[in-house]
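A.B. asks: Everything below, folded, please.
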Amino acid sequence: MPQSSLVLELQCLAQSNKTDLSELLRHAKVVAVKLKLDDFKEWLDREMGGYPRDGKVPEYRILSAQLMAKNPYNGLIPIMFKAGDKRATHFSKSPIVQSVGELEHLLHGMQQDGQLQIPLSSSEMEWLVDGNRDLMHMPPTRIVSPSGVAGILHAVRDTILNWALDLERRGILGEGMTFTQDERRSAANMTIHNYGAFIHGDNANMASADASPGATVTTAAGGAQVHQRLRTVIAAAQQQNEELGSALQALADAVVKSRDLPDEKKSEATEQLSFVAQQCALPEDKRQPRSVLKPLLSGLRETLGLSADVLQVWGVYGPTILAVLGVALS
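C.D. replies: You can find the predicted model right below:
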């Protein structure tokens with residue numbers, strides 16, 4: 001009887017969408033601890049327990065955001081800044097510090113409007129109110145895309161899978177549910193880059209409950225990873241349904257080539273399209289419920305609508321995607 005392998009078992013769990021992500025993280029932690037990979041274990045612990053608000057967050061956990069005020073009569077309304085105002089840059093991004101379990105709960109409990117709200121820190125509130133006293137009666141909040149949050153969960157799963165594959169390539173298998181001394185030495189020589197760099201300095205302060213008002217955030221990294229994931233899921237969808245694959249590819253190409261969409265919105269559209277493409281590639285019984293997919297698709301169409309040319313492409317190919325997912329948009 002062949003011996004079981006910790007690493008091969010981890011690969012199987014990472015490949016299956018049926019595997020609960022928290023469970024996958026726990027299995028990966030067992031491997032990391034047995035191999036004495038403290039850095040990777042630290043990353044796993046943070047994903048399981050959440051990131052400290054006064055610490056550092058990986059770059060893939062910085063999402064595009066829109067600052068809104070809660071108007072008691074009109075609901076959420078956008079907060080606008082004058083040109084050159086540092087607050088516009090600061091509030092255009094949001095660090096996501098919650099554990100993967102909390103993020104999964106947020107997505108499953110998402111309201112029909114498809115909006116996820118990230119509260120501001122006390123110092124951020126003071127910074128905004130100093131410039132606009134009306135906001136004392138209209139609490140500001142950040143709105144982030146559900147597809148961006150889903151992208152964090154996909155990135156974590158992909159990272160564990162890639163790590164497990166790299167271990168196998170190096171002959172590190174953990175047969176018999178343990179590792180040999182040679183395997184531990186080989187693992188100790190690994191340079192792990194795939195779990196994302198941490199943001200340091202003022203940018204890290206953005207995740208703090210006492211964030212510095214002067215902190216700014218640069219464009220989120222990880223775009224190459226999102227594009228790679230999009231290409232992968234489009235290829236998977238193409239194998240199952242050629243017309244669907246062509247529709248997804250046409251939209252992806254339109255976003256990249258658009259001259260009207262700002263880079264920030266291109267990144268947002270790519271994240272949204274990546275999630276939609278992955279759902280299309282899954283069997284129907286493994287997809288997110290339509291109550292989750294509908295607001296996500298509505299958000300994608302809204303983002304694409306910022307460019308007339310891209311919206312026209314959506315008008316041609318969008319119905320194919322909606323039909324596959326069984327969603328109708330008004």
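A.B. asks: Buried residues, the helix or strand where Cys12 lies. List them.
C.D. replies: Per DSSP states H and E: Cys12 is located in helix 6-15. Neighbour counts over helix 6-15 (16 or more other C-beta atoms under 10 Å) mark 6-7, 9-11, 13-14 as buried. Every C-beta, even on glycine, is put in place using the N, C-alpha and C of the backbone.
A.B. asks: Just put the residues you listed in CSV and tack on pLDDT and distance to Phe179.
C.D. replies: Output for the buried residues of helix 6-15, formatted as CSV (pLDDT from 0 to 100; distance: C-beta to C-beta, whole Å):
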residue, pLDDT, distance to Phe179
Leu6, 94, 8
Val7, 94, 9
Glu9, 94, 13
Leu10, 95, 13
Gln11, 94, 16
Leu13, 93, 18
Ala14, 92, 18
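A.B. asks: can I get the CA coordinates of the helix holding Cys12 in CSV?
C.D. replies: Presented in CSV, the C-alpha positions along helix 6-15 are these (Å, rounded to 0.1, in the frame of the first residue of the first chain):
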residue,chain,number,x,y,z
LEU,A,6,1.3,15.4,3.1
VAL,A,7,2.2,17.5,0.1
LEU,A,8,0.2,15.6,-2.5
GLU,A,9,-2.8,15.6,-0.1
LEU,A,10,-2.4,19.4,0.2
GLN,A,11,-2.4,19.7,-3.6
CYS,A,12,-5.6,17.8,-3.9
LEU,A,13,-7.3,19.9,-1.3
ALA,A,14,-6.1,23.1,-2.9
GLN,A,15,-7.4,22.1,-6.3
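A.B. asks: between the very next helix or strand once past that helix and helix 6-15, how many degrees?
C.D. replies: As assigned by DSSP H and E, the chain's next helix or strand after helix 6-15 is helix 21-34. Put simply, helix 21-34 runs at 160 degrees to helix 6-15, going by axes from the mean of the first three to the mean of the last three C-alpha atoms, to 10 degrees.
A.B. asks: Could you check which helix or strand contains Met125?
C.D. replies: For Met125, the element it lies in under DSSP H and E is helix 122-131.
A.B. asks: er, Leu273 actually
C.D. replies: According to DSSP H and E, Leu273 maps onto helix 263-281.
A.B. asks: who does the following helix or strand past that helix touch, helix- and strand-wise?
C.D. replies: Later in the chain than helix 263-281, the nearest helix or strand by DSSP H and E is helix 290-304. Packing partners of helix 290-304 (3 or more C-beta pairs under 8 Å, 6 or more residues apart in numbering; DSSP states H and E): helix 146-169, helix 242-257, helix 263-281, helix 308-325.
A.B. asks: How far off centre is the first one?
C.D. replies: Yep, that's helix 146-169 we're talking about. When distances are taken as C-alpha atoms, centre = their mean, to the nearest Å, helix 146-169 is centred 10 Å away from the chain's centroid.
A.B. asks: next SSE after it?
C.D. replies: That would be, after helix 146-169 and using DSSP H and E, helix 181-188.
A.B. asks: how about that next one: buried residues?
C.D. replies: Result for helix 181-188 [16+ other C-beta under 10 Å]: buried residues 183, 186-187.
A.B. asks: And stretch 236-246, by the same measure?
C.D. replies: Applying a neighbour-count criterion of 16+ other C-beta under 10 Å, the buried positions in stretch 236-246 are 237-238, 244-245.
A.B. asks: Now the two most distant members of those.
C.D. replies: Greatest spatial distance in the buried residues of stretch 236-246: Gln238 and Leu244, 7.5 Å, computed using C-beta to C-beta.
A.B. asks: And for the helix holding Cys12, what's in contact with it?
C.D. replies: 19, 23-24, 27-28, 30-31, 34, 157, 160-161, 164-165, 167-168, 172-174, 177-179 (C-beta atoms under 8 Å, 6 or more residues apart in numbering).
A.B. asks: what's the answer for stretch 22-31, then?
C.D. replies: Here stretch 22-31 has contacts from 6-7, 9-10, 13-14, 40-41, 44-45, 47-48, 100-101, 104, 156-157, 160, 163-164, 167, 174, using C-beta under 8 Å, 6+ apart.
A.B. asks: From these, list the buried ones, please.
C.D. replies: Applying 16+ other C-beta under 10 Å to the contacts of stretch 22-31 flags 6-7, 9-10, 13-14, 40-41, 44, 47-48, 100-101, 104, 156-157, 160, 163-164, 167, 174 as buried.
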